[in-house]
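Enquirer: what would the 3D arrangement of this be:
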Amino acid sequence: MKLSIIIVFALLYLNCNSQSLKNTEWIQVTVESKDVNNNQNLFQPGTPSLKYFFLDSTVLFASNDRYNMELKYSQSDSSLKIGANISYRIDTITDAFLIVTEIPKKGNINPVTATFLNVDFLFDYLKKAAQLNIIGDSLIMASNLFSPAYKGIIDSLFILKYSGKQVDAVFKGYFTVTHDGRIKDIGFVPGKRYKKWDMDTISDVFMATQGSWIIPPTPKPYDFKLSFTLTLTDFRPLIGANVYFNNN
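Expert: Just a heads-up that it's a prediction; the model follows:
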């Protein structure tokens, strides 16, 4: 997606006043540095999304639609500090956009500037850009740009279920997260020869995640259909698990 579209969209909201980050969710759209070779437009299909959810005193970090890290943060008019080691200068903060520049540590000559879009504006933005796949009047096909995010470490749920098993396998499938966080319609990619025990176990794990999904804002209630890839790796006597969403 061209950065000019993002810039035009931003200009619509630049007259908003400065605000607190508390109880707001953001998706990272660009990363820039003085080294032009490191500039990236992250807001495009196929690029893993990076999301930040600011609570009262802590911020949740999500990569691949999983909020699995939480750190304390503090905000002033011109600065944002996250954890013990991350400090930013706030360049711009509006209802729609947050632009911050890394406060460089000693010896760092290429501080990074990052732009974030408030997810409250994400539905309208993607719809205008023709990047929302809406089925009927109540279902959205989730993508790396627009999807519910799981709050927790979902890999550990599969590790617990498969503890003591010897398995090296990749499972692909899909399920629906409803507008109120329920799980339904779990299925697997046709043509794959999966064992019934595995399909039942994987389905049970996803069903157990009900109520732990952060649903992106929409103008009316929508359900979301997510795809998943689960990789299980035998590290005897341990088992490794990695779950990726919407990476098809």
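
Enquirer: going forward, measure contacts and count neighbours with C-alpha atoms only.
Expert: Will do.

Enquirer: after the biggest helix by length in the chain, next one along is what?
Expert: Ranked by residue count and defined by DSSP state H, the top helix of the chain is helix 196-207. On the C-terminal side of helix 196-207, the closest following helix or strand by DSSP states H and E is strand 213-214.

Enquirer: what's that next one packed up against?
Expert: strand 149-151 (3 or more CA pairs under 8 Å, 6 or more residues apart in numbering; DSSP states H and E).

Enquirer: helices and strands around the helix or strand containing Thr30, which ones?
Expert: In the assignment (DSSP H and E), Thr30 maps to strand 24-32. Other helices and strands packing on strand 24-32, by 3+ CA pairs under 8 Å, 6+ apart, are strand 40-41, strand 50-54, strand 113-118.

Enquirer: in its sheet, what does the last one sit against?
Expert: Taking DSSP bridges as the criterion, strand 113-118 sits next to strand 24-32 (antiparallel), strand 97-102 (antiparallel) in its sheet.

Enquirer: among those strands, which comes closest to Leu230?
Expert: strand 24-32 (24.2 Å; CA to CA).

Enquirer: the inter-axis angle of the closest one versus strand 50-54?
Expert: Interaxial angle of strand 24-32 relative to strand 50-54 (axes from the mean of the first three to the mean of the last three CA atoms, to 10 degrees): 140 degrees.

Enquirer: between the two ends of stretch 65-83, how far is it?
Expert: Terminal residues of stretch 65-83 lie 21 Å apart, using CA to CA, to the nearest Å.

Enquirer: ugh, wrong one, I meant stretch 85-104
Expert: Length of stretch 85-104, first residue to last, CA to CA: 11 Å.

Enquirer: and stretch 144-164, by the same measure?
Expert: 33 Å.

Enquirer: circling back: turn the strands paired with strand 113-118 into JSON lines, columns for mean neighbour count and mean pLDDT.
Expert: Formatted as JSON lines, these follow (neighbours: other CA atoms under 10 Å; pLDDT from 0 to 100):
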{"stretch": "strand 24-32", "mean neighbour count": "20", "mean pLDDT": "89"}
{"stretch": "strand 97-102", "mean neighbour count": "21", "mean pLDDT": "93"}
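
Enquirer: please enumerate the helices of the protein.
Expert: Listed in chain order, the helices of the chain (DSSP H) span residues 3-11, 122-128, 154-161, 196-207.

Enquirer: contacts made by the longest one with the rest, please.
Expert: Outside helix 196-207, the residues that touch it by CA atoms under 8 Å, 6 or more residues apart in numbering are Leu157, Phe158, Lys161, Ile183, Lys184, Ile186, Phe188.

Enquirer: so who does the nearest residue to the second one once chain neighbours are set aside touch?
Expert: To tie it back to what came earlier, the one meant is Phe158. Using CA to CA, 6 or more residues apart in numbering and skipping residues adjacent in sequence, the residue nearest Phe158 is Ala241, 6.4 Å away. Taking CA under 8 Å, 6+ apart, we find Ala241 in contact with Asp155, Ser156, Phe158, Ile159, Leu230, Thr231, Leu232, Thr233.

Enquirer: just among those, which is most surrounded?
Expert: Ranked by neighbour count (other CA atoms under 10 Å), those have Phe158 at the top, with 23 neighbours.
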